[in-house]
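Trainee: Could you look at this predicted model? Sequence included:
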Amino acid sequence: MHHTLEVRNLRYTYPDGRQALRGVDFRLAPGERAALVGPNGAGKSTLMLQLNGLLRGEGEVWVAGRKLSDKTLGEMRGQIGLVFQDPDDQLFSPTVFEDVAFGPLYAGLAEAEVRARVGNALRAVGMQDAGPRVPHHLSGGEKKRVAIATALAMEPEVLILDEPTAGLDPRARRGLMRMLANLPQTMLVATHDMRLVAELFPRTIVLDEGLVRSDGPTAVLLADPELLQAHGLEAP
């Protein structure tokens, strides 16, 4: 069986010599959901950017049995849907429809296919009527949903989200959690929101100082106060 996402010995050193990733390994099975947790500076954002090919370090990233490389990067980037913490980094078009259509259009898909994908993506995030709206007039929770839709429109194998609940009020947060629970994609979510981890992610990967320090069932992690404390985490 192939894994949807396989990460082998990922390393990344910034130009100033700081080692952000020091040999990270893990695999996600099709449809698996894992939380990525750890203190600030642990390497979570660097890891996500390297999975998507925006940063290129050492090691290997495999998606659905294909290796990410200079040759395959263009076509494979759509397979790895990366959603940034701040939706304003992702939304830049005059309308929601155009934002969600951008990736499929750029990939050269036919207009009918683009329209179908935009419709499917907006339905999946509960924003099916938002196409004509102006992105910067949306609420924080709505922006977050549209940013996720821009990734879904590429029909990715893996969805990677950075702090999806950051800055949301309780109602928007609950709505977002329900929506994420209904998505079929394999999912890796970096977050400090341990209640989100407890409720949505059966597996948790702890990253600290550029290394995987723990990887296993979320329930086991949350029941280990020493492990939580060692890596700057709080039980929900």
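Mentor: Everything's here; your move.

Trainee: so where's the chain shaky on pLDDT?
Mentor: The chain contains residues with pLDDT under 70 at 1.

Trainee: which stretches of it form strands?
Mentor: 5-13, 19-28, 33-37, 58-63, 66-67, 80-83, 158-162, 186-190, 203-208, 211-217 (DSSP state E).

Trainee: Report the strands that pair with the last one, each with its relative direction.
Mentor: To tie it back to what came earlier, the one meant is strand 211-217. The pairing partners recorded for strand 211-217 under DSSP bridges are strand 203-208 (antiparallel).

Trainee: I'd like the strands of the chain as TSV, with mean neighbour count and distance to residue 197 appended.
Mentor: To be clear about C-beta, it is placed using only N, CA and C from the backbone, and glycine gets the same treatment. Compiled in TSV, the strands of the chain are given as follows (neighbours: other C-beta atoms under 10 Å; distance: least, C-beta to C-beta, whole Å):
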stretch	mean neighbour count	distance to residue 197
strand 5-13	18	18
strand 19-28	19	15
strand 33-37	23	4
strand 58-63	17	23
strand 66-67	14	29
strand 80-83	23	17
strand 158-162	22	12
strand 186-190	24	8
strand 203-208	22	6
strand 211-217	16	12
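
Trainee: could you dump the ones you listed to a markdown table with distance to residue 145?
Mentor: Below are those laid out as a markdown table (distance: least, C-beta to C-beta, whole Å):
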| stretch | distance to residue 145 |
| --- | --- |
| strand 5-13 | 23 |
| strand 19-28 | 23 |
| strand 33-37 | 18 |
| strand 58-63 | 24 |
| strand 66-67 | 29 |
| strand 80-83 | 10 |
| strand 158-162 | 12 |
| strand 186-190 | 15 |
| strand 203-208 | 24 |
| strand 211-217 | 29 |
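
Trainee: Counting neighbours, what do you get for the closest residue to residue 130 other than its chain neighbours?
Mentor: Leaving aside its chain neighbours, residue 130 sits nearest to residue 96 (4.6 Å; criterion: C-beta to C-beta, 6 or more residues apart in numbering). Residues near residue 96, counting by other C-beta atoms under 10 Å, number 27.

Trainee: Kindly state the beta-bridge partners for the residue nearest the centre of the chain.
Mentor: Taking C-alpha atoms, centre = their mean as the criterion, residue 160 is the residue nearest the geometric centre of the chain, at 1.5 Å. Here residue 160 sits in beta bridges with residue 82, residue 188, going by DSSP bridges.

Trainee: All set, thanks.
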